[in-house]
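A.B. asks: For reference, the sequence and a predicted model appear below.
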Amino acid sequence: MKLLENLKLTQEWDKTFPQIDKVDHDKVTFHNRYGITLAADLYQPKGVSGKLAAIAV
């Protein structure tokens, strides 16, 4: 069984809450330790560089 796959994600805003200009938003994919492809929304504050804390839900 092949678990690694390429997911096709739209980059359009598809959330129920409004988009704000203080945050950058990207849709990303990654593989977990079992090789399953996961999709996620990545939110980063604009104008900030370097390492940032993160939470995955």
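C.D. replies: Happy to help now that I have it. Numbering: from 1, shown residues only.
A.B. asks: how much space between residue 27 and residue 34?
C.D. replies: 21 Å (CB to CB, to the nearest Å). C-beta: built from backbone N, CA, C; applies to glycine.
A.B. asks: who has more neighbours, those two?
C.D. replies: More crowded of residue 27 and residue 34, by other CB atoms under 10 Å: residue 27, with 14 against 6.
A.B. asks: List the contacts of that one.
C.D. replies: Residue 27 makes contact with 9, 10, 11, 39, 40, 41, 42, according to CB atoms under 8 Å, 6 or more residues apart in numbering.
A.B. asks: Could you give the bridge partners of it?
C.D. replies: residue 41 (DSSP bridges).
A.B. asks: how near is it to residue 13?
C.D. replies: Residue 27 is 10 Å from residue 13, by CB to CB.
A.B. asks: Could you find the closest non-adjacent residue to residue 22?
C.D. replies: residue 46 (5.8 Å; CB to CB, 6 or more residues apart in numbering).
A.B. asks: what's the answer for residue 52, then?
C.D. replies: In space, residue 52 is closest to residue 44, 6.9 Å off (CB to CB, 6+ apart).
A.B. asks: shaky segments in this structure?
C.D. replies: Residue ranges of the chain with pLDDT under 70: 1-5.
A.B. asks: mind running it again at 90?
C.D. replies: Within the chain, the stretches with pLDDT under 90 are 1-14, 26, 28-32, 35-39, 49, 54-57.
A.B. asks: For it, just list every one of the strands.
C.D. replies: 23-31, 37-45 (DSSP state E).
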